[in-house]
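In: model the structure of this input:
(chains A, B, C and D)
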2 protein chains.
Amino acid sequence: MTNIRDLAREANVSVTTVSRVLNDHPYVANEKRQTVREAIEKLGYIRNQTAVHLSTGMTKTVGVMLPFVDHPYHAAILQGIAQAAFDASYRFLTWQTNYVETHEQLALDALAQQEIDALIVVSHSLPLSAILSYEQYGPIVFCEHHEDVAAVYIDHYTAFQQGLAHLRQQGHTSIGICLGRPDSTNSLARKHAYQEVVRDEFVYEQTLTIEDGATVARRWMQQKQRPTAILTASDHVAAGLILELRKQGYQVPGDLSVIGFDGSELAEVLAMTTIAIPYATIGRHAFQLTVREDLVARPQIEVPSTFIAGTTVLPHT
Amino acid sequence: MTNIRDLAREANVSVTTVSRVLNDHPYVANEKRQTVREAIEKLGYIRNQTAVHLSTGMTKTVGVMLPFVDHPYHAAILQGIAQAAFDASYRFLTWQTNYVETHEQLALDALAQQEIDALIVVSHSLPLSAILSYEQYGPIVFCEHHEDVAAVYIDHYTAFQQGLAHLRQQGHTSIGICLGRPDSTNSLARKHAYQEVVRDEFVYEQTLTIEDGATVARRWMQQKQRPTAILTASDHVAAGLILELRKQGYQVPGDLSVIGFDGSELAEVLAMTTIAIPYATIGRHAFQLTVREDLVARPQIEVPSTFIAGTTVLPHT
DNA sequence: ATAGGCTATGAAACGCGTTTCACGGCAAGA
DNA sequence: TCTTGCCGTGAAACGCGTTTCATAGCCTAT
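Out: Numbers count the residues shown, from 1 in each chain, chains lettered A, B, ... in the order given. Predicted coordinates for the structure are as follows:
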């Protein structure tokens, strides 16, 4: 591998001058610039990025900590990050954690070890304080709302209020909800919105997948007291719920109205009533926060959710 | 930032010894090892990975060139890569290219610039030869079949044969196919399988999305001569096709039998007949190839597809 | 005429961990 | 007793680009 010193020798200049040419620094005489360019051409020189990283103390790389790269909404956030990072000539490293704390730790270690300049936490299991203790090593941006933390988030409280309000307008009074991980920030906000307007609670927890949705359907069928509408925390759960009910001969929305969450293509395909979240936008903002000057002020960006009327809600009579 | 020389001074040993402790090299007296450990503790030392990368000439990072991180099957391949890389203590950088050649080039540059040790090409626009000219800088593994190239792939020819055979067994003789990018290796293999058994051709090209599927539906409805069954190249296209037909009052599979491709959750949700591809497995194998000793021999791994019977095919009467 | 300021250029230090090589000591095999 | 060979240790080189600092010529403003 030819390096910058070989170039200097070949072009009869100092390494400083070569470096200046490489970085388009103005203080180089045109003639020398040309000579260096020819040397680069002749020797087939290619810059070693690792050396640049060590020398500058920056990797121009951000890390992304997320549970699953192939879950639609995580992938959509990743897509937004990818786009914004690309636009800023940054790269990104992904840690797929499966919500395993030791795996999440590896992403934090990478920040401390200067493998990445900043970290985007899409979702996490580790206690917030454990993560924040790594802020000394570089910017950390969250895709969930937390107090006093740089974050881009959607207001799940308001989003759920929207869904609940729609169901109540349609005459539903007996409403159930499906939540994901019961103690997550998002679930707590959702539950809060729910408990403010509902008397008799029907809460189905730990629902994340299509299969979990089917399980909810089976539980619902066995209940003597049943809600007439269910607001879910993901289109996947809603899809599993809807399809299992239909398979068992029930009508959706005839027997049960269902609202999804995410605005995924699953919802599109099932013509589902849902609450759409602009996940790619979240990712883009998250990346942009990592490179913001005023990150120490821990800015917060809220992105709006959108209610999408589909065909899985009927008025309750 | 405290470095290895600070540690050496603190522990009264040479930097070599510190490095040995850091790397669990055996030739260190227990006593000194202990002293160094205490110095690490005391000074709060954290290894600078960038320096390790420069020094060893390896980044323990592979690059992934893929068009879209949020398309389900690309995301699934990424998932497999993430898993295998994690198991091997590797990291991965992702280049989302949108099939734009200049973007693809950046991933190749990264390989040349030693930012990554190897590159996995999930799908590409650049000519194969352009990509292969970068093999001098490090291993390149493809997720598509090409002659004389390290690759893990599914045999689209055989996969399509499976689907076509099923339709013919069900009595269909007038069969159409949907292809993606018309000149891609995959499309050519599929078309080949198709043209071997079909007289009257119904080929719908450039179909990639749900919306494209709906377009196919509209074209089909307008045709005087119509196929009685369509084999698609993705579940997305099949979903768009099925839903648009049903919306317009046609029966699937009554009026048209449809077979998807991918085995995605979309297919699951629509109880679609499809051909399932183990994308995560492809990703895992692809990663493992990058670290294989005998990669110069350009090994090829074929992974099998699986026919999944659903409810979108009826016998033709 | 002189203090400043800008252009150009290079030597050397810097970022930091790994690895090669040389060397002393000690034990086992010949 | 002498040769091998392994253990333990460190000085110095290495990987390689960036940046600081000093130097020097030349022009402009005072």
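
In: distance of the closest residue to DNA strand C within chain A relative to A:Leu7?
Out: Relative to DNA strand C, the nearest point of chain A is A:Ser14 (2.9 Å; Cβ to the nearest atom of the strand). C-beta coordinates here come from the backbone N, C-alpha and C atoms, glycine included. Distance, A:Ser14 to A:Leu7, using Cβ to Cβ, to the nearest Å: 10 Å.

In: between these two, who's got more neighbours?
Out: A:Leu7 (25 against 12; other Cβ atoms under 10 Å in any protein chain shown).

In: any idea how far the more buried one is from A:Glu104?
Out: In terms of Cβ to Cβ, A:Leu7 sits 43 Å off from A:Glu104.

In: do A:Leu266 as well
Out: Going from A:Leu266 to A:Glu104 by Cβ to Cβ gives 27 Å.

In: who has more neighbours, those two?
Out: When A:Leu266 and A:Glu104 are compared for neighbours, A:Leu266 comes out ahead with 26 against 23, by other Cβ under 10 Å.

In: okay, and that one sits in which element?
Out: helix A:265-269 (DSSP states H and E).

In: and that helix, average pLDDT?
Out: Averaged over helix A:265-269, pLDDT sits at 87.

In: please parse chain A into its domains.
Out: Domain segmentation of chain A under automatic domain parsing yields A:4-47, A:60-153+A:280-303, A:156-278.

In: reformat these as a markdown table; add distance to chain B.
Out: Formatted as a markdown table, the domains of chain A follow (distance: least, Cβ to the nearest Cβ, whole Å):
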| stretch | distance to chain B |
| --- | --- |
| domain A:4-47 | 5 |
| domain A:60-153+A:280-303 | 4 |
| domain A:156-278 | 5 |
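
In: those domains into a markdown table, with extra columns for distance to B:Ser184?
Out: As requested, the domains of chain A are exported to a markdown table (distance: least, Cβ to Cβ, whole Å):
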| stretch | distance to B:Ser184 |
| --- | --- |
| domain A:4-47 | 30 |
| domain A:60-153+A:280-303 | 22 |
| domain A:156-278 | 23 |
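
In: among those domains, which is nearest B:Ala151?
Out: Distance to B:Ala151, taken as Cβ to Cβ, is lowest for domain A:60-153+A:280-303 among the domains of chain A, at 21.5 Å.

In: what about the closest one and DNA strand C, any contact?
Out: No - contact of domain A:60-153+A:280-303 with DNA strand C (Cβ under 7 Å from any atom of the strand) is absent, the minimum separation being 7.8 Å.

In: just stretch A:16-32 next, same as before
Out: Yes - with Cβ under 7 Å from any atom of the strand as the criterion, DNA strand C is reached by stretch A:16-32 at A:Thr16, A:Thr17, A:Arg20, A:Pro26, A:Tyr27, A:Val28, A:Ala29, A:Glu31, A:Lys32.

In: just give the nearest non-adjacent residue to the fifth one, would you?
Out: If you skip the residues right next to it in sequence, A:Tyr27 has A:Arg20 as its closest partner in space, 6.3 Å away by Cβ to Cβ, 6 or more residues apart in numbering or on different chains.

In: so what secondary structure elements neighbour the helix or strand hosting that neighbour?
Out: Per DSSP H and E: A:Arg20 is located in helix A:15-22. The helices and strands touching helix A:15-22, judged by 3 or more Cβ pairs under 8 Å, 6 or more residues apart in numbering or on different chains; DSSP states H and E, are helix A:4-11, helix A:30-43.

In: could I get these as TSV with mean pLDDT and distance to B:Tyr204?
Out: What follows is these, written out as TSV (pLDDT from 0 to 100; distance: least, Cβ to Cβ, whole Å):
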stretch	mean pLDDT	distance to B:Tyr204
helix A:4-11	96	54
helix A:30-43	96	48
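
In: output these as CSV; include the columns distance to B:Thr306.
Out: Below are those laid out as CSV (distance: least, Cβ to Cβ, whole Å):
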stretch, distance to B:Thr306
helix A:4-11, 53
helix A:30-43, 52
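
In: deepest of those, which one?
Out: Of the helices and strands packed on helix A:15-22, the one with the most neighbours on average (mean count of other Cβ atoms under 10 Å in any protein chain shown) is helix A:4-11, at a mean of 18.

In: show residues contacting it.
Out: Contact with helix A:4-11 is made by A:14-15, A:17-19, A:22, A:32, A:35-36, A:38-40, A:42-43, A:45, as judged by Cβ atoms under 8 Å, 6 or more residues apart in numbering or on different chains.
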